[in-house]
Structures are given as C-alpha cells and as structure tokens.
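# the following block contains a protein sequence and its predicted model.
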Amino acid sequence: MSPQITLATALRVVGQLRRDPRTIAMLVVVPCVLVALLRYVFDGQPETFQRIGVPMVGIFPLVSMFLVTSIAMLRERTTGTLERLMTMPLAKLDLLAGYALAFAVIAVVQAAAVSAVAIGLLDLHVAGSTALVVALAVLNALLGMALGLFLSAFAATEFQAVQFMPAFLLPQLLLCGILAPRDSMSDVLRWLSAVLPMTYAYDALSRVAAGDGLRGDVAVDVAVLVAAALASLALGAATLRRRTA
Amino acid sequence: MSSPAVEIAGLQVVRGGRPVLDGLSLTVASGSITGLLGPSGCGKTTLMRCVVGVQVTAGGTVTVLGLPAGSPPLRRRVGYVTQAPSVYADLTVRENLRYFARVLGAPAQRVDEVAATVGLEGQVDALVAALSGGQRARVSLATALLGSPELLVLDEPTVGLDPVLRIELWDAFRRLADAGSTLLVSSHVMDEAERCDDLILMRDGELLAAEPRQALIARTGAADVEQAFLQLVTGRQAA
C-alpha cells in the first residue's frame, strides 16, 4: 500500500464529485430538509423529535454514502477502469482507502450541515457532546461506504445497486430501535437486530443525545461499528479480483 | 536473439463450460510488433487478457518478460489497453492522465508527452465525456503509454479512427518498437497486418499461424495476409 496512490485516488474521487455539483448539493441539502420535515411532522410531540432527531442526524450519512459508493464502485467495474487499475501497481487497499478518504470529507460536511440545522435552527437538544454526534455521523458514513463497496460487487446494473437500499438498509432502519424499542419486538427480530450494524449506530447516538460520553455502552457501540466497517471493507477488498473469468 | 517477451504453452481458457482457447502455444519476439488477427469472437481478447494476467485460465503457462503473467512486478512493465476505452468520463484528459501517472509512479511530464504521442495535445483540458469515441480510445491508449512499458498489449487500438490518424498511430507504434518495446496489437482489419513484423492468426480459439509476416507470405505463396488467412482456413477445412 502506498500513501501517494491512496491520496491520488482520493483526489481523483473528489475531482469526479466536483464535476457533479448537483449530487454534492443533494448530499448536503436533502438531510437538512428531511430533518426539518421531521421536526414539523412531530410538531405536537416534541419529545418524539428529541428522541429520534439525533439518531437521524447520524444515520443519514450512512444511507447516502451507501448509495453513492455502491454506484461509484459499480461504475468503476462497468467502465473497465477497475480492471485497468487492477493491472497497475495499485494495492486494493489504496483504492478502498482512497474512496474512504474522499467520502469521509463529504461526510464531515454533510454531518456538520445537518447538525447545524437540527441543533442551531430546530432546537434539537443534545445533552452530550455535539462534536461526538458529528464524529459518530462520520463513522456511520464510513460504515455506509464500506457496506456499499461490498454490496456493489453483487449488483450487475445500477438498477440493482439502487434496490440494495430498500433491501439492505430499510430493514435495518425498521429494526434498529428508532420506530419501536427493541425490547418490544418479537424475540427473533430482537436477535436479528443485535447483529445489524445500524442498531449500534442508533444506540450510540441516542445515548449521546441523552448525555453519555465516549465510554461504557457508547464505547462498545463504537467498537462494534468500527469492527463492522473494517469487516465489510475486508469483504469488499475480497470482491476486487485481479483475475476474472 | 534475445529471449521472447511472451511465451505461451498449452494455454487453455474455459468460459461457460465451453473452451475459448484450447491448448494454445506461441511466442512473441521482444522488440517487435506482433499483430494478433482474426475475426471477431475468435479469442483475441481472451488471449490478450491472459498475457496481461487478468484472465482466469484452465491450464497451461503464460510467461511474460520472464515472469508468470500477472505477477506484481509486471504491473509496472506491461501496459494494457482494452477495446472499450477505460478512462473516467467525468474527468478531463489531463486529470485522467495525471491520476494514472501517479498510480504508475510516472514523472508528471509524461502526461504532456503521451498526450502528444496520441495527438491529443489540443484536448488535454477537455472532459473525456465531451470527446468523440476515437478520441476517448486515444486517451485510453495514452494512459497505457505513461509508464513507458516494456510490453504493450493493445486490443483493437485503431477502431473507428480516421485513416490519417491510424497511420500516425502505427508510426508511433513503430517508434516504440524501435526504442525496444514489444507490442502485441490485435486487429480485425487485415491491412494493418502489413505493418507488423510477426503475425498470429486465430480462428475459433485456434491458432492458424504464428510466424514472421514475410515467412507466412512466402510459405503460403499468397499475395497478402488476407489471402494467406483464407488459404489457411480452407486448407484446414479440407484436411
């Protein structure tokens, strides 16, 4: 692995995104609009907005980075640039880390914007550290990127790649505890939710919202999220083949 | 004579349960231009993918510059251009070349040099998406030249180019070979064969001939390579 190649890859990915300002605008503006929508949907139940607002701020980046990455990687595969890179002295990790670096920058901007809107304009209250909420949002973005990278290997077309969002992320959103407490779910679903990464993202964010710091349960959640991101990056690297049939 | 740039022995490739290449053996002389000719679907691309080391093989050996095809040290020494241009459409020509130069560890001035070699010095700041098909193919070709590779594997590099440009590119190929590079160039246009030193003729995954062009013409007594190809095909069907 080489830092120069990783950095060159990150700059290349940012350069491509720069040519697509509408996507960048949507990445930043859409979560802000949605969180504002949420605030007024629960206009009469401010306590509900307080409960789910912070987790939503941290989960948006996971969803958008998942989508952006799976399409970007699918394009690398279908346009032949991935095969070209695989014939060059580039380590698979250079490519993955390059994408991670580029998208982490976008994730910081996205998380900062949505936090500013939610906390600054919509009076969302965070008892814990706001910086920790942004940091968790970036971690979730990286997790979403890693999952997108891995799952894109199973999509032959962009239609299929887009379908992975409802197929793979929507169930996690339903089961993570944001709709109903996990304790009230049927046993099978509770067990299932315990192995899905978004559950830990929700748990960490709602604990920070309630005033916890980066210790105890939150630290465990973070460890699980980091492990899940690394595991799917490793699986993603395994799907990048230098030789194909 | 120096050792061959590529040595293939008993190469087999199976795709979808069907043999695509069935026990192919040949060599590619170093410092020469070898033309790989045959109709579309005859296995030219598969053979080139084996040389670059991106193809899963079912048997046989492919040795490139003395190493097994696809070995990590070869990634700096072999340049490969696929038939479909594989560059980033949402970047400019210069941005594409600069990125691949960094990956290859090639000096920055190579970007302008290779752009000039393929006749794109006037378009370096154009988005690849805005270029014509032929121009995109040349960006893809320029990318493979960045690292000054010892072996260049080019899959139909002149498809869709205007005749003047085609001649210019073949002149560039000749200069590269004169400077010591080995070129393996596929084409389904037989007239391009006249510009090659050696020829590999293929049909349906089988080797019809692999020899110097002059020797092929002399052996078959044909007027040109197209005639020689037809003779070899009919000779085989009669046998």
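That came through, no problem. Keep in mind that what you see is a predicted model, and the values were worked out from it rather than measured. Residues are numbered from 1 along each chain as shown, chains lettered A, B, ... in the order given.
# the helices in chain A, which residues?
A:3-18, A:21-41, A:46-78, A:81-86, A:92-115, A:130-151, A:158-164, A:170-175, A:187-194, A:197-209, A:216-239 (DSSP state H).
# and residue B:232, which of these is closest to it?
helix A:81-86 (32.4 Å; C-beta to C-beta). For the C-beta atoms, the positions are set from N, CA and C on the backbone; glycine is no exception.
# count of residues packed around the residue in chain A that chain B sits nearest to?
Residue nearest to chain B within chain A: residue A:80 (3.2 Å; C-beta to the nearest C-beta). Neighbours of residue A:80 under the rule other C-beta atoms under 10 Å in any protein chain shown: 16.
# grab the nearest non-local neighbour of it.
Leaving aside its sequence neighbours, residue A:80 sits nearest to residue B:86 (C-beta to C-beta, 6 or more residues apart in numbering or on different chains; 3.2 Å).
# check contacts around that neighbour.
Neighbouring residues of residue B:86 by C-beta atoms under 8 Å, 6 or more residues apart in numbering or on different chains: A:79-81, A:83-84, B:140.
# let me see the contact set for the residue nearest to the spatial centre of chain A.
Nearest to the geometric centre of chain A sits residue A:62, at 1.8 Å (C-alpha atoms, centre = their mean). The contact partners of residue A:62, taken as C-beta under 8 Å, 6+ apart, are A:140-141, A:143-144, A:169, A:198, A:201.
# low pLDDT regions in chain B?
By pLDDT under 70, the low-scoring segments of chain B are B:1, B:238-239.
# SS state for the residue nearest the centre of it?
Centroid-nearest residue in chain B, with C-alpha atoms, centre = their mean: residue B:154, separated by 2.5 Å. Secondary structure assignment for residue B:154 (DSSP: H, G, I helix; E, B strand; the rest coil): strand.
# could you measure from residue B:70 over to residue B:136?
26 Å (C-beta to C-beta, to the nearest Å).
# go on, residue A:90?
Distance from residue A:90 to residue B:136, by C-beta to C-beta: 22 Å.
# again, but for residue A:37
43 Å.
# who's more crowded, those two?
Neighbour totals were compared for residue A:37 and residue B:136, and residue B:136 leads with 21 against 10 (other C-beta under 10 Å).
# what number of residues lie near residue A:121?
12.
# could you do residue A:13 as well?
For residue A:13, using other C-beta under 10 Å, the count is 23.
# now do the same contact list for the nearest residue to it once chain neighbours are set aside.
Leaving aside its chain neighbours, residue A:13 sits nearest to residue A:102 (3.8 Å; criterion: C-beta to C-beta, 6+ apart). Applying C-beta under 8 Å, 6+ apart, we find residue A:102 in contact with A:9-11, A:13-14, A:17.
# identify the bridge partners of residue B:79.
Beta-bridge partners recorded for residue B:79 (DSSP bridges): residue B:152.
# correct me, but it touches residue B:144?
Yes: here residue B:79 reaches residue B:144: they are 3.5 Å apart, a contact under C-beta atoms under 8 Å.
# residues in chain A within reach of chain B, list them.
A:4-5, A:8-9, A:11-12, A:15-16, A:19-20, A:79-81, A:83-90, A:242-245 (C-beta under 8 Å from any C-beta of the partner chain).
# can you flag the buried ones in the residues you listed?
A:5, A:8-9, A:11-12, A:15-16, A:19, A:79-81, A:83-90 (16 or more other C-beta atoms under 10 Å in any protein chain shown).
# distance-wise, check the residue of chain B found nearest chain A relative to residue B:173.
Nearest to chain A in chain B, going by C-beta to the nearest C-beta, is residue B:86, at a distance of 3.2 Å. In this structure, residue B:86 and residue B:173 are 20 Å apart, going by C-beta to C-beta.
# same check, this time on residue A:231
The value you get for residue A:231 to residue B:173, if C-beta to C-beta is used, is 47 Å.
# which one of these two has more residues nearby?
residue B:173 (22 against 14).
# rounded mean pLDDT for stretch A:27-44, please.
Averaging pLDDT along stretch A:27-44 yields 93.
# any buried residues in that stretch, and which?
A:27-28, A:31-32, A:35, A:38-39, A:42.
# can you dump the C-alpha coordinates of it into PDB?
Extracted in PDB, the C-alpha atoms of stretch A:27-44 (Å, rounded to 0.1, in the frame of the first residue of the first chain):
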ATOM      1  CA  LEU A  27     -25.900  15.100  -0.200                       C
ATOM      2  CA  VAL A  28     -25.800  18.200   2.000                       C
ATOM      3  CA  VAL A  29     -29.200  19.800   1.500                       C
ATOM      4  CA  VAL A  30     -31.500  16.700   1.500                       C
ATOM      5  CA  PRO A  31     -30.700  15.500   5.000                       C
ATOM      6  CA  CYS A  32     -31.200  19.100   6.300                       C
ATOM      7  CA  VAL A  33     -34.600  19.300   4.600                       C
ATOM      8  CA  LEU A  34     -35.600  15.900   5.900                       C
ATOM      9  CA  VAL A  35     -34.600  16.700   9.500                       C
ATOM     10  CA  ALA A  36     -36.700  19.900   9.300                       C
ATOM     11  CA  LEU A  37     -39.600  17.900   7.900                       C
ATOM     12  CA  LEU A  38     -39.300  15.500  10.800                       C
ATOM     13  CA  ARG A  39     -39.300  18.400  13.300                       C
ATOM     14  CA  TYR A  40     -42.700  19.700  11.900                       C
ATOM     15  CA  VAL A  41     -44.200  16.200  11.400                       C
ATOM     16  CA  PHE A  42     -43.800  15.800  15.200                       C
ATOM     17  CA  ASP A  43     -44.800  19.400  15.900                       C
ATOM     18  CA  GLY A  44     -47.300  18.300  18.500                       C
END
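# excluding sequence neighbours, find me the nearest residue to residue B:30.
Closest to residue B:30 by C-beta to C-beta, 6+ apart is residue B:5, at 3.9 Å.
# roughly how far does that neighbour sit from residue B:59?
Applying C-beta to C-beta to residue B:5 and residue B:59 gives a distance of 22 Å.
# between these two, who's got more neighbours?
Set residue B:5 next to residue B:59 and count neighbours by other C-beta under 10 Å: residue B:5 wins out with 24 against 13.
# surely that one is in contact with residue B:28?
Yes: shown here, residue B:5 and residue B:28 form a contact pair, counting by C-beta under 8 Å, at 5.1 Å.
# name the residues contacting each of these two.
residue B:182.
# wait, is residue B:209 part of a strand?
Yes: under three-state DSSP, residue B:209 sits within a strand.
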